[in-house]
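Student: The amino acid sequence is not available; the structure is as follows:
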Ligand SMILES: Cc1ncc(COP(=O)(O)O)c(C=O)c1O
């Protein structure tokens, strides 16, 4: 090949590089065979304690759920995994139809009119939704409730420094509704970070009365049993799709969900797949409405997103098609029923009380007689992950989650361990 | 790629594969989780009242459906995919196995640090490996992709200038006209005004135009190097000096880092902040469009502004998260970034090691120059000089002869290849950007060059035949105008 190129060494092709910088040392260790590198990563992974190693009550936005065997078997097929953005639709119909079906499934689940093909995750979806609202309303004040995941609020605060949005955080839903006048949007989360079920109709009414957009970050699985955002008048529904057949993976990758009312479709960030026909009249799918996007509009694009989380959108599509409406409702219901049994059992431990102000779904706050972080650590010694110690006003509160994987034996084990630790 | 129609599927129109809704029948499915009903614990006013019309299917139908769909895709694992600017290299399977280990895949982002030492250590080690590869001091692995990293980096620029009392004044970002679209849109998202500078006749940034555009209101410049023409900036030092000279910062878009592995380090070249695309250079599969990961790499002067949390190692060798960084721009993503992608990149780098990394860079450059040598006698090259990891042709002559870059791309499908990137960079008319990567043997490069040369000959004799391509793909060309005029974005609207 060198001869064809007309050089004797590759170095001759690199003369344009400033000589002082050429061929640096990288300070990297020597290479390994596959066998060696496989052993090395197994050794690293074995320093972690997988969530499935014992009773597990930690949620707080990421949930250990049952992943049907067919989900990774299909969605991680290498024809999906090793393709890229479907720039050439004739040879990318697999990706395009799968993503279009994801959009359809998400729209149906959230009762929204259109969904995009994915954002990075639930936290950046909050920021993208706020920026969308600012564009649509011409206003810059974004009001967000403490119901929203604290890390998502932190990401919103970071993003806000770019377009100079004025983010106002309010302590509860009542304050959120009162803050509507002059706002670009009101943002809440359902179920709330503390597990409470939130009234999205009240959110939409207050927002619309003030000309603001109603934005709800929802758990897609909860939408199988709770009134979905689209049926409550929400304008922009967002969320994290990790629960839809995607492993926890230390928090990522997952898939950021965004769905809107039809008249907001041209404001959506990111890629959108649409149905069309080919030259012979056969149905097919393409990326569409691309004049919103960075590769065409550059500094006038609705977002800078390019690479997204497509293969995890495909995971979600496979998961939803496997479970269907009955299976999805069963996942949600089983999680909720188990959580209510757990709450009753744990609240009966002396000194413990459930502190949610109203109804909760599958996650609840348990007030302990001592600092939650220390209790969590003490319970860990029994091989049980008790939940997430909250860092708000009350350091004694523990956020406890159940999913369809939580068993009655797990609840007994946690109750026994807590009783012993608190005795 | 014809297959027998699914029995009973009622497709509303001719189609390659029925929709899930067309395959579904009421009452099918179930068996994955035990049935349950939550009415007892959800107050009536909060319960779902609108129907949940998800398709009902048995597992076998779902498996065939998505298997058929997968088979309609072209992918790196099925063939040569020389998509320029995307580095579609082969992805070793051991990377995926590593990411699937229970200690990584079944790990919750909020587990106590004592239970996540392996994951935190991997993040810490990967940061060190990337620091060595790039010559940058400190790295955050939080951003989920290149564009996310660009936005993060520009927030760091903003914070840096604000810290010196120059935040209000420095409102402009310089972006070359060959830059990727994300550069301009990230800058705009950050509240900056974008000033575009042209290229010179050798494909470099036009120095005179750059100097004219600079001033004390410039926050910095975003430079892709090698640029999107596949060329190393010949005046890099002058560009650096000019931008730094007016108090601006240099941002390196490292999407093309594959060309520089072991060959040059952006940190040694003078960049203040750099992003990498792990899904390109470091062989994490592109996932039909994502996920990626976009580490942000900073010099010591910019490092205080990196996102939180950071992973730090104690004297005793324990790893923990640190959010006490008062100058940080804040958090840019929940959790710890796209950790599963980080595991793959770590595995890849450890397998290559120092020599393997250097060989990767060299082989990528050699492969592109080899293709250039095969194509140059027949095609016009946008800028005729040795390239780095990719080459950009301009097919203006073919277009005048009756077949555009798009037509040639579609004809490549009939030759069995995934087409290169076309119409990018925007600064080159009828651009065709070819990035072969280091993982293809010479036979593949030759077969691809032969195919392009055959198509070029066909353009001269029968351009209409080129315009008719593809004939062998699952579908003929799609009507994109129809898709945009009458958007059918869900199955509710598909048949209308
Ligand atoms: C040169 C260049 N810069 C930036 C990006 C954006 O990266 P990402 O798609 O990961 O957001 C890309 C790729 O798409 C690119 O090719």
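Tutor: That came through fine. Quick caveat, the model's predicted, so the values are computed rather than measured.
Student: Any idea what the closest residue to chain A within the stretch 251-400 of chain B is bridged to?
Tutor: When CB to the nearest CB is the measure, the stretch 251-400 of chain B has its nearest residue to chain A at residue B:335, with 2.2 Å between them. Heads up, the C-betas are built off the backbone N, CA and C, glycines and all. Going by DSSP bridges, residue B:335 is paired in beta bridges with residue B:337.
Student: That one contacts residue A:252, doesn't it?
Tutor: Yes. Between residue B:335 and residue A:252 a contact is recorded at 5.3 Å, counting by CB atoms under 8 Å.
Student: what about those two, which has more around it?
Tutor: With neighbours defined as other CB atoms under 10 Å in any protein chain shown, residue B:335 and residue A:252 compare such that residue A:252 has more, 31 against 27.
Student: Distance of the more buried one relative to residue B:277?
Tutor: Taking CB to CB, to the nearest Å as the measure, residue A:252 falls 16 Å from residue B:277.
Student: before we move on, what about residue B:245?
Tutor: Counting by CB to CB, the separation of residue B:245 from residue B:277 is 29 Å.
Student: Please identify which of those two sits among more neighbours.
Tutor: In terms of neighbours (other CB under 10 Å), residue B:277 is the more surrounded of residue B:245 and residue B:277; the figures are 28 against 10.
Student: Surely the more buried one and residue B:296 touch.
Tutor: No. With contact defined as CB under 8 Å, residue B:277 and residue B:296 do not form a contacting pair (11.5 Å).
Student: quick one, strands of chain B?
Tutor: Taking DSSP state E to define them, one finds strands in chain B at B:138-140, B:172-176, B:193-197, B:218-224, B:249-254, B:273-276, B:296-298, B:310-313, B:319-322, B:380-381, B:391-394, B:421-422, B:431-434.
Student: what lines up beside the fifth one in the sheet?
Tutor: Read it as strand B:249-254. Strands flanking strand B:249-254 in the sheet, each with its direction: strand B:218-224 (parallel), strand B:273-276 (parallel) (DSSP bridges).
Student: What lies in contact with that strand?
Tutor: Counting contacts by CB atoms under 8 Å, 6 or more residues apart in numbering or on different chains, the residues outside strand B:249-254 that touch it are B:134, B:146, B:150, B:153-154, B:157, B:160, B:179-180, B:183, B:219-225, B:239-240, B:243-244, B:266, B:269-277, B:281, B:297, B:302.
Student: let's see it at 7 Å
Tutor: B:150, B:153, B:157, B:160, B:180, B:183, B:219-225, B:240, B:243-244, B:266, B:270-277 (CB atoms under 7 Å, 6 or more residues apart in numbering or on different chains).
Student: and if you look at the second one?
Tutor: Surrounding strand B:172-176, the residues in contact under the criterion CB under 7 Å, 6+ apart are B:154, B:183-184, B:187, B:192-197, B:199, B:205, B:210, B:213, B:217-223, B:227.
Student: before we move on, which element is the residue nearest to residue B:133 when sequence neighbours are not counted in?
Tutor: Take residue B:133 and drop its neighbours on the chain: the residue closest to it by CB to CB, 6 or more residues apart in numbering or on different chains is residue A:26, 5.2 Å away. With elements taken from DSSP states H and E, nothing contains residue A:26; it lies in neither a helix nor a strand.
Student: thinking again about what came up before, out of the contacts of strand B:172-176, which are buried?
Tutor: Those of the contacts of strand B:172-176 that meet the buried threshold are B:154, B:183-184, B:187, B:192, B:194-197, B:199, B:205, B:210, B:213, B:217-223, B:227, by 16 or more other CB atoms under 10 Å in any protein chain shown.
Student: check contacts around residue 110.
Tutor: No chain in the question, so chain A it is. Residues in contact with residue A:110, defined by CB under 7 Å, 6+ apart, are A:218, A:223, A:228-230, A:237, A:259.
Student: To clarify, I was referring to chain B.
Tutor: Contacts here follow CB under 7 Å, 6+ apart; on that basis residue B:110 touches A:58, A:60, A:388.
Student: Could you do residue B:294 as well?
Tutor: Residues near residue B:294 by CB under 7 Å, 6+ apart: B:143-146, B:148-149, B:275-277.
Student: ranking those residues by neighbours, who comes first?
Tutor: Counting by other CB under 10 Å, residue B:149 has the largest number of neighbours within the contacts of residue B:294, with 33 neighbours.
Student: you'd agree that one is up against residue B:297?
Tutor: No. No contact is recorded between residue B:149 and residue B:297 when judged using CB atoms under 7 Å, the distance being 9.1 Å.
Student: residue ranges with poor pLDDT in chain B?
Tutor: Counting by pLDDT under 70, chain B shows low-confidence ranges at B:1-10, B:493-496.
Student: Against which helices or strands is the longest helix seen in it packed?
Tutor: Secondary structure of chain B per DSSP state H: the longest helix is helix B:339-375. Helices and strands touching helix B:339-375, as assessed by 3 or more CB pairs under 7 Å, 6 or more residues apart in numbering or on different chains; DSSP states H and E, comprise helix A:2-5, helix A:34-45, helix B:93-100, helix B:117-134, helix B:278-281, strand B:391-394, helix B:442-461.
Student: For the ligand, which of the ones you listed is the nearest?
Tutor: Nearest of the helices and strands packed on helix B:339-375 to the ligand, taken as CB to the nearest ligand atom: helix B:278-281 at 6.4 Å.
Student: what's the distance between that closest one and the middle of its chain?
Tutor: Its chain's C-alpha centre and that of helix B:278-281 lie 7 Å apart, by CA atoms, centre = their mean, to the nearest Å.
Student: now swap in stretch B:444-454 and tell me
Tutor: Chain-centre distance of stretch B:444-454: 25 Å, with CA atoms, centre = their mean.
Student: which residues are in contact with it?
Tutor: Under the criterion CB under 7 Å, 6+ apart, residues B:80, B:82, B:367, B:370-371, B:374-375, B:378, B:412, B:415, B:417, B:436 lie in contact with stretch B:444-454.
Student: how about it: buried residues?
Tutor: Neighbour counts using 16+ other CB under 10 Å place B:444-445, B:448-449, B:451-452 of stretch B:444-454 among the buried residues.
Student: ok, and which of the residues you listed reach the ligand?
Tutor: With the criterion set as CB under 6 Å from any ligand atom, no member of those is near the ligand.
Student: Report the contact partners of residue A:410.
Tutor: Taking CB under 7 Å, 6+ apart as the definition, contacts of residue A:410 comprise residue A:55.
Student: Give the helix, strand or coil label for it.
Tutor: Reduced to three states with DSSP: H, G, I helix; E, B strand; the rest coil, the structure at residue A:410 is helix.
Student: do you know how far it is from residue A:399?
Tutor: Counting by CB to CB, the gap from residue A:410 to residue A:399 is 16 Å.
Student: again with residue A:79
Tutor: The spacing between residue A:79 and residue A:399, counted by CB to CB, is 40 Å.
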